[in-house]
Structures are given as C-alpha cells and as structure tokens.
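Enquirer: structure of the sequence below:
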Amino acid sequence: TFVGAVTGNASTATALAANPTDCSANQFATTIAANGNLTCAAIAANNLPSVAADLGAANVTINFGNTNGAFNTNIITDGTITATTFIGAVTGNASTASALAADPSDCSANQFAITIAANGNLTCASLLDADIPNTITINLAAAATALQSDPTDCAANQFATTIAANGNLTCASITDADVSNTLTASIFIGSGSTTNAIDLATAEVAGILGSSNISGSYTGITGTGALTVGSIASGFGTISTGNIITTSGTIGTASTTTFTGAGATFSAAIAANSSITSTQATFVINASGTVDVQDTLNVDSLTTDTGGVSIAAGQSYTGAGAVTLASATASGITINSGTTGSILIGSDASAETISLGSGNAVKTLELGLGTSGNTIRIGTNNTTADSILIGSALDTQTYTGNSSSAFVINAITVDATEFNRLDGKDAALVDQNDFISGDGAGATSNGSGLESGTGGIGLLQGCANNDILKWVDASSVWNCAVDATGISDARLKTNITNVGSVLDKIGDIRLVNFDFDCSNEFFDKTLCDTRAQTGVIAQELAQVFPELVYEQDGFYRVRYDALAIYNMKAVIELAQHINGQGDAILSNIKAQTIDVTSIITERVTTPYRVAESVSVGDVVTVDDQGLLHRSSTAFQKGLAGVVAGAVNSDGQAMVASAGRVNVNIEGSVQTGDPLTSSGTPGLAKKAVGSGAIIGVAATSGSGQVQMIVSTSFFGGDQASYDQLQNQITTLQDQVDGNTPIDLSNLHVGTLTADFDTLINGALTVSGDALFNSLVTFVRPVIFSDDVIFNGNVSFNSNTGGYAVINTGAQSVHITFSKPYSQPPIITLGLGGSSFAQYSYDNVTADGFDIVLAVPAGQNLNFTWTAISVNNPNTFVQQ
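Expert: As a prediction, the model looks like this:
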C-alpha cells in the first residue's frame, strides 16, 4: 500500500478503476474513459463505410442470424454471395441466369415456338393457311383422290351416257326418238315391264301386238284411232284393275262385252242397242247424264245419287213382291202427279193401308204447303163410321164422328157451347187474345204452351234438362236459358284478387227483424211475403259494404249471396286465431273490466318448434334453444306442458301450459292423482314420492285421460300433504289475526315462485343451481373454483382486437375503452403471411404500444389480447 502524493505519470494510474467495464458480445469499444471504462456499441448499417470496401484481400463472413440487416450502399464483390432468398436487382452477367423462370411456359398441342423470352417463356403459334403453299404436287394422287368412295349408279331400265371424273354416272332411259328403225312386233319383245305409254301415232306397228309379243302389264294405252278387236289380237290378256284405256274413238265389240271388277263407271251417256245386265248395283253419278233405256230394264237394285228416276207416261213400274220406295237417311220421297190429277193407291175392294214408319220417332203427314185450302177426305160413300185413329189404344182415341156439332176427346163430347166459351163469344173462359201465335209481343218461344191439371191451367215450357224458364223484358217473351246459379269455374273468371280483411267492418253490420209493408205499391207487381223477416237495411249496409247494395226499379236491393261470402271471410280470419280445439292466439287483449270470477279458461297454449317427433297428448320439455322434446325420465325437471295439437306445416306444435288437456298415460290413474313424467318417452304417470309434476288427473282411466295442467312440485304422500296443509292453515290464521310471524329462519322442502322473486340480502345455494334463461350480474362476480364453459365465451372490446401499422410507420397505440384496474398482460400476433421484428411497450391500465424494430415495408395487421391477472407470477432466469 502506498500512501502519499505521487507526481508525474502516476496520476493516470491511480485513475484506473479496479475493474473497468468491458464490451458485451458482438459489441465493440468506441471510446475509453480515464478510469478505463469502455463505451461500446453494436455494428449497425450506418457504421459500415459508404464507399466500396475491398473484401478480396481477406475472407469476411457477415452472418445476420435471426435478425434482419440492411446495407445503405452497394456491395461489390468478385466472389460469390450465397443467400437462401435473394431480393433486389442484380447487375452483370448474372442477370440472365436469375431472369429464367422456375418453369418456363411451353407450347400447347399443335403449336410451334416462334420466339423465346429472356426468362425462357416461349411464344407459340399454330399453322395457318398462309403458312402452307397453294400448290402441292403429289404424283398420281389427284386422280385417285377425286373418285367418290361410292360413285352413283343408274336406276333400273336406265343406261349410262357419261361418267364424271369422280366416277358418278349420268343416266337416261330409252325414248321413242332413240329407236330409228321400224318398231315391229318381231323386235318389240321384252321380258320386263314399262310404265311409259306407246304413242301409236308415231310408232309403226307392222305386225300384231298380241299376248305372245307383249308381256307384263301397262298402266295406260293411248291412241287416236279406233282400238278394236281387229287391231288387238285375241288372247291379249287381262288389263289390271285400276288401269285406264283412253281413246277418242269408239270401243266396239262384235259380241257381248263383259266388264268385271268392282264396277264400271261412265261419266257420259251410255247408249245400248241391246240389253244391259248388271249383277251388282248400277250407279249414275253424274247429275247431267242420263240412262236412256229403249227396251226393258231389268235390275236387281237401282240407286241414284241425284236426279231421280223418271218413268214415261203409260209405262209402269212392276215388281213381283211388295214395292218399297226408300230414300237415304234424313231425306224424303216426293210423289207428284203433275199439275192436276190424283195419286191412286189401291182400286179394288181389298183393304189398303198407308204406313208412315214403324219406329218411335215422330212421323209427320203434310198435305199442301201453299195458300189453297186442303182437305182430308175419309169415306165418301161408306155406310160404316169413319174415324181418325191416334194411338193404338181404343180408350184413348181422338176423333170426329157422325155428329156435326161435337168434338169427341176420349169419348167425352165437347159441344158448341164449350167452343163458344173458348172463343170468347159466351162467358169467355179463355179470351181469344190469350192465344197468340207467331213472334212478337205476347208470344212464347217454341215448346211452350198451356197444360191443365187439378191445380188449374199452368204455363208449360219445353226447356232442356237443367235449363230454366226466364222472362225477357227486351223481347217480352219467355225463353229457356242455362241455369247459372252457383257457376264458379275458374275458366269463366278474370281479374281475380284476394278479398281483404273484413273482420273489422263485419261488426258494423246491424241485423234486424222486420215485416214487409205489403201496402206499398211495389208489391202490386209481385207477391208480398207476410211472414216475419230477418236481414239488414240496404241503406245501412251501403255505409259498410257499398258494393253489396244496388238499385232497381227505384228500390235498393242487397246481394245476400255476396254478403255470405264476406261472412265466410270473417270466419276464416277468426280461424287464424282460434283452432279446432278452441286454442286462441291473441297478440293483444283490450278490455275496460275483466271479471276473473266469470272466466273459465279451457287451456293456455304456446307454439314451439319440435326437435323430434311428438304426438298429441305427449308430455314435453323445452331445451335451451326453445326446441320441443318428449319427456324421458321420471320426475323430469323443466316440464313445459302437454302437446295439445298436431305439428303444423311450420314444424310447430301447440303446448298446453295451463287448463284442461288430454294426456297420454302409463298405467292407470284416478281422478285427483298428481301426474308427472315417466321413464317412457312422452307418457305421464301417477306421482309417487316428491318431485316435479305436470298436473292433476281430471278423469280416471288408462291410455289417455283428461288432466288439468299445473307444473309444480309435489311433496309426497297424503300425510305430507296434510301436514303441509295444516302448516299453511296455521300460517293463514296468524296472518288473518295480525299475529307477527318470525321469518328470520324459514325452512321449506321446495319453494316454487310463480312470480318475480326479490332477495335483498345474500343468497347462499348449497346445491346445484340451474338457470334456464339469461343471467345478468350487474356487479363483480368472484368464482372461487374452476369454471367450465361448454359453449362459446365472448368478452368485451377491452379484451382483444386488431391493430394496423401502415407502410413506413414503426408503431401504433391501442387505447382500452374501459381502463383496467392494473396493467393487463398483452399477447400479440402478426397475420397476413407477413414477417417483421415487433414487440409491445408502454403497457398501462389505459393502453399500450406495438412497436417495430424498423419501419414497416408494407401494411402489417396485428391481433392483440389483453387479460388482467390478479397477482401475476414473474419468473426470472437464474
């Protein structure tokens, strides 16, 4: 130890610290203090020289490790720079190599490369018509390719005249002009057939065309000369039915000519010097043609389409049997004797009968349609009585007899007195003006008339089935018309729209009882119903539904049929609120006073969506999502009620939570038994023991009984019930007697509160607690043990969020919407496939910063979480 003053260089030595500070790893001294302490710093980009450094003299390795580095100047080297990923521009001969793509593009099928880019991508194109020469010479190929794969041939009886380069033949048939020499029978022989006509005017036939020289069949033989037996050899053969022989001359025959086939048709006159015999019906179809028979015409059947058959005067039409004159359906037969004369049927003493048909159809005998008077004369010289018989039954005949002053109907005589009355001459029963024929005022349509009966004389109208008789003012006639009552076919309707709500207006209609005022002149034209009436007043109804009231003849009328439709609409609207079981769905009930003592509620129902198949009468529960399930265990908690209606189209079922309803039962129950759920899904049973019940049986039975729904808790057997009842009675006596009740300590087995429950003091629950609805804690909540969340957990905006550092920025500040009681623990995350060196700083109860090591080269998206932890542990590496 040296004590004392030292002069000279010793002052520096005494200033040295006992252990001067050193530099940390990867740091270098920049200055040294008098006491020997070093000032150190790490190498940064701005510490590197800004001018090129010659690294060729020594091997230098720069390793940035897990951090990013940057150079503010160029790096020039004649050696090799190795990097996993190189980002930036490279100059020199290496640019071509780095420009190559990892997988340069190729050409597609049937394409060829025309250029190649620096990165190796090919530019491709297909061959075009311009790329191929117009002329391509292939030895001997032109002729071969010109041939068709199947050249055309000639048809039957045709011969080739030319052949094209592709092998197709041009064909033609042999015509008359193609034969230059004489066409004789010896050379015109063929075994085939032709459909062409032989022109006998130009073809010279030296021989005979006989059947031995001509074979086959012809569809037509045309000639300008006579076609006789001398020109056609015998044994010519048969001309097929349906073919034609046409000539402008005469077809002659030396003997009898027989035409066979389905028949012969002549369109002009037929002249026969001898008889014409036909074994079939002979038809004359041309109205302008006639059949002139000079001799006797014997036919089995003679039928004419038009014109008729005329028999000359003095000639007769005879037959071996009965002579029948028949005509076609819906036509008639006219027998005309000329301008004067008579038609005589029978001239001897034999009995003759004129019969007009034997069927049930109406028969009509018309005698003269002109203006001259006509007479039916029956018996001129006969001594026996004559009659006109109508009908075959003698007791219903109508006739006139020997009396000239009586008309006999069914053996009842109507004398002149009765006729005078009918004519209005004497005490007119029916005035003659009451019977008017023809069209015009007072006339009736066809088929109408009068009929007599025990009730008097009534109007008879011959209407078709389902038609009605209507009076038409415009024409003053009775007419038949189709009954349009109840017609509602969609094909007869247009401008169809829905009827709007009428429920609010239907209540404004006043229904009244009334009598018609039969003294009013209106009832002079119609009958007055004197019975008591029920209905509406037209003027009042017009204020509610004006479209249902109309005016006619100066008086208002009501469309009661349409009013019934409006009533139906109102019922439909009510049915949308009340179903067939009496369940009502009402959004609001308004009343000034409700006397609850007079209200008997059948049931209260609520619609629920079903999660599984349920049936009417099933006991059900409702889950956290409000979906309906059948009960599955005995004394099941959370019983909602009983299904009171079938599942609708929306997948909802009505559940009775109060009132009377049918319930499905397991086993049997008695009236008054408490009912709860059973182990069988959806079935109720008698409650034995304590637990949740669904209601009380209102009837006895098994399978299904009526129940009064009342979800509550059942204490057990009758003894327990009686004991509880006694306690309630005692409590009631104390309340009624104003006796103080000490409730400082109240014990109950199960407490059910149907209304809101307010607890001003502390609440201690020793057992499990189940909350079926939303729970709100207004003040802080302390959980002293583990907490398990089976669902998703949501926190407020203080707990987490997002942050963005834009390009060029280096930090962002997050401010909590509600300050924490202490600085929270921060967790950061960087998304968007971005990478950067980042951290957080300045964490307080109000917020924190996210900072970067260097300014952002692009927008960076961060997620952050802030959680406040009481007394967080801090661990330090030893």
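Enquirer: do I have it right that Lys514 meets Arg531?
Expert: That one is not Lys; residue 514 is Phe. No - assessed by Cβ atoms under 8 Å, Phe514 is found out of contact with Arg531, at 11.0 Å. Where you see a C-beta, it was placed from the backbone N, CA and C, and this is true even at glycine.
Enquirer: between the two, who's got more neighbours?
Expert: Just comparing Phe514 and Arg531: by other Cβ atoms under 10 Å the higher neighbour count belongs to Phe514, 11 against 6.
Enquirer: and the more buried one, its phi and psi?
Expert: With angles defined as degrees, to the nearest 10, Phe514 sits at phi -160, psi 170.
Enquirer: for Asn119, see how far away it is.
Expert: 104 Å (Cβ to Cβ, to the nearest Å).
Enquirer: quick one: neighbours of Ala687, just the number.
Expert: 25.
Enquirer: list the residues that contact it.
Expert: 635, 673-676, 693, 714 (Cβ atoms under 8 Å, 6 or more residues apart in numbering).
Enquirer: just among these, which is most surrounded?
Expert: Counting by other Cβ under 10 Å, top hit in the contacts of Ala687: Leu675 with 27 neighbours.
Enquirer: what about it, distance to Ser700?
Expert: Where Ser700 is concerned, Leu675 sits at a distance of 12 Å (Cβ to Cβ).
Enquirer: shared neighbours of the two, which are they?
Expert: Val669.
Enquirer: just send the contacts of Ala687 back as JSON lines, with pLDDT too.
Expert: Putting the contacts of Ala687 into JSON lines (pLDDT from 0 to 100) gives the following:
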{"residue": "Phe635", "pLDDT": "87"}
{"residue": "Asp673", "pLDDT": "88"}
{"residue": "Pro674", "pLDDT": "88"}
{"residue": "Leu675", "pLDDT": "90"}
{"residue": "Thr676", "pLDDT": "92"}
{"residue": "Ile693", "pLDDT": "85"}
{"residue": "Phe714", "pLDDT": "67"}
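Enquirer: now, those that are in strands?
Expert: Counted as lying in strands by DSSP state E, out of the contacts of Ala687, are 674-676, 693, 714.
Enquirer: pick out the most distant pair among those residues.
Expert: For the ones in strands among the contacts of Ala687, the maximum inter-member distance is 9.3 Å, found between Leu675 and Phe714 (Cβ to Cβ).
Enquirer: overlap in contacts of these two?
Expert: Going by Cβ under 8 Å, 6+ apart, residues that sit against Leu675 and also against Phe714 are 687, 693.
Enquirer: okay, and the beta partners of the residue lying closest to Lys470 once chain neighbours are set aside?
Expert: Of all residues beyond its chain neighbours, the one nearest Lys470 is Ala481 (4.8 Å), with distances taken as Cβ to Cβ, 6 or more residues apart in numbering. Beta bridges link Ala481 to Ile468 when assigned by DSSP bridges.
Enquirer: let me know the pLDDT of Ala481.
Expert: At Ala481, the pLDDT value in this model is 73.
Enquirer: who's in contact with it?
Expert: Neighbouring residues of Ala481 by Cβ under 8 Å, 6+ apart: 467-468, 470.
Enquirer: ok, it to Val472 distance?
Expert: 9 Å.
Enquirer: any regions of the protein where pLDDT drops low?
Expert: Low-confidence segments of the chain (pLDDT under 70): 1-15, 44-99, 137-146, 176-351, 356-359, 367-374, 378-466, 483-485, 579-603, 713-756.
Enquirer: so what are the domain limits for it?
Expert: 12-44, 451-482, 497-581, 603-717, 800-867 (the TED database).
Enquirer: from Asn360, how far off is Gly832?
Expert: 102 Å.
Enquirer: these two: which is more packed in?
Expert: Comparing Gly832 with Asn360 by other Cβ under 10 Å, the one with more neighbours is Gly832, at 11 against 6.
Enquirer: how many neighbours does Ala25 have?
Expert: So Ala25, with other Cβ under 10 Å, has 5 neighbours.
Enquirer: for the one 4 residues further on, same thing?
Expert: Applying the criterion other Cβ under 10 Å, we find 13 residues in the vicinity of Ala29.
Enquirer: wait, is it part of a strand?
Expert: Yes - counting by DSSP: H, G, I helix; E, B strand; the rest coil, Ala29 is part of a strand.
Enquirer: remind me, longest strand of the protein?
Expert: strand 652-669.
Enquirer: neighbours around Cys107, how many?
Expert: There are 14 residues near Cys107, going by other Cβ under 10 Å.
Enquirer: to clarify, my last question referred to Ala769.
Expert: So Ala769, with other Cβ under 10 Å, has 8 neighbours.
Enquirer: against Thr530, how distant is it?
Expert: 79 Å.
Enquirer: one more: Thr123?
Expert: From Thr123 to Thr530 the distance is 109 Å (Cβ to Cβ).
Enquirer: same question for Ile693.
Expert: As judged by Cβ to Cβ, Ile693 and Thr530 stand 65 Å apart.
Enquirer: and the residue nearest to Glu573 when sequence neighbours are not counted, backbone torsions?
Expert: In space, and not counting its chain neighbours, Glu573 is closest to Leu503: 4.4 Å by Cβ to Cβ, 6+ apart. Backbone torsions of Leu503, given as degrees, to the nearest 10, read phi -60, psi -40.
Enquirer: residue contacts, Leu503?
Expert: 569-570, 573-574.
Enquirer: number of nearby residues for the closest residue to Leu852 other than its chain neighbours?
Expert: Distances taken as Cβ to Cβ, 6+ apart place Gln810 nearest to Leu852, at 4.8 Å, with adjacent residues excluded. Neighbour count of Gln810, defined by other Cβ under 10 Å: 13.
Enquirer: gap between Gln810 and Ser833?
Expert: 21 Å.
Enquirer: then Gln552?
Expert: Separation of Gln552 from Ser833 (Cβ to Cβ) stands at 87 Å.
Enquirer: next one: Asp103
Expert: According to Cβ to Cβ, Asp103 stands 22 Å off from Ser833.
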